[in-house]
Structures are given as structure tokens and as C-alpha cells.
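Colleague: Fold the following.
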Amino acid sequence: MTDLNKTILPSLGSGLIGACVLTVLHETARQLIPNAPRADILGVRAIKKVMESADAEPPADDELHDWALGGDVVSNTLYYSLIGLAKPKDALLTGAALGLVAGVGAVGLPGPLGLGTAPSSRTSATAAMTIGWYLIGGLATAAAYTFLKCK
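Modeller: Down below sits the predicted model:
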């Protein structure tokens, strides 16, 4: 097995699984829970902000929403892939730490970045769900990493 197969692929694969779990959780909950976090809105706002600063016209809302979801999956995959820096025996703790840090960042950073605070922290329950869901993504990443590294 090459180094690529031993290190990078399990890390990216695990990160992708965690990112997909997180995105499915966000997208399902936003349709069912009134105060659910809206990572999709943060993504849309971020893309609009970047495009407008480059004097580019953002796409229509439906397409922009798709871009935001795709961007979330890619960025969260890369972030959760940092689990590859851990030893497999430390995967659970590393995944939990990655998830908690991402969740706290998702609550605390949108305001200072000019994206608004309501999508991830409009209520205490929204903030708690935001942190909890990123934690679940980190734990899913850890489980996938442990499985892939043991194969």
C-alpha cells in the first residue's frame, strides 16, 4: 500500500463522511426544527459577499444555495480530514476536539466576519445545536477514520 493509500485517502474519506453527516443533519433539521442552525444561509451570505467584492453577479438563489452546500461539504471535508494527523488510537478524542472547535467557531465567527449571528446563534438552543452537530460530524469522522485505518 502506498503512502497515499495509508494516510491521505483515509483522512480525506473520513473527512468526507463527517462533512456529509453534518450537512445531512443541517439540511434535515432546518426543515423540521424552527430554531435549527442555518449553515446554508451563512454559506450563501459568504459567497455573495466574496462575489460582490469581486464585482461579480451572484447566481440565482436556488443555484447559490447549491453552491453553499457544495462549499460546506468541501470545506468541512478538508477541515475534518485533519484527523489524519492523529494516531488511530486517538481518533475519538481528536474527532471530538475538531467537532467542538468547529462548532464554537460556527457560533462565534459569523458575526465578526459580517455574516450575521442569527443563522447559528439566534437562540441558546440554536447555538447548542450548532456546536452539537459539528461535534457529531467530528465523531462520525473519528469512527470512519478508525474503520479505514484498521482495514
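Colleague: what comes up buried for the helix or strand hosting H65?
Modeller: H65 belongs to helix 61-80 when assigned by DSSP states H and E. Of all the residues in helix 61-80, those buried under the rule 16 or more other Cβ atoms under 10 Å are 64-65, 67-69, 72-73, 76-77, 79-80. Bear in mind the C-beta positions are built from the backbone N, C-alpha and C, glycine included.
Colleague: Please name every helix or strand in contact with that helix.
Modeller: Secondary-structure packing of helix 61-80 (3 or more Cβ pairs under 8 Å, 6 or more residues apart in numbering; DSSP states H and E): helix 9-32, helix 39-53, helix 91-108, helix 124-150.
Colleague: neighbouring contacts of that helix?
Modeller: With contacts defined as Cβ atoms under 8 Å, 6 or more residues apart in numbering, helix 61-80 is touched by 12, 14-16, 18-20, 22-23, 26-27, 39-40, 42-44, 46-48, 58-59, 95, 98, 102, 137-138, 141.
Colleague: among these, which ones are buried?
Modeller: Buried among the contacts of helix 61-80 (16+ other Cβ under 10 Å): 12, 14-16, 18-20, 22-23, 26, 39-40, 42-44, 46-48, 95, 98, 102, 137-138, 141.
Colleague: outside of stretch 32-39, which residues touch it?
Modeller: Against stretch 32-39 from outside (Cβ under 8 Å, 6+ apart): 23, 26, 29-30, 72, 106, 118-120, 122-123, 125-126, 129-130, 133.
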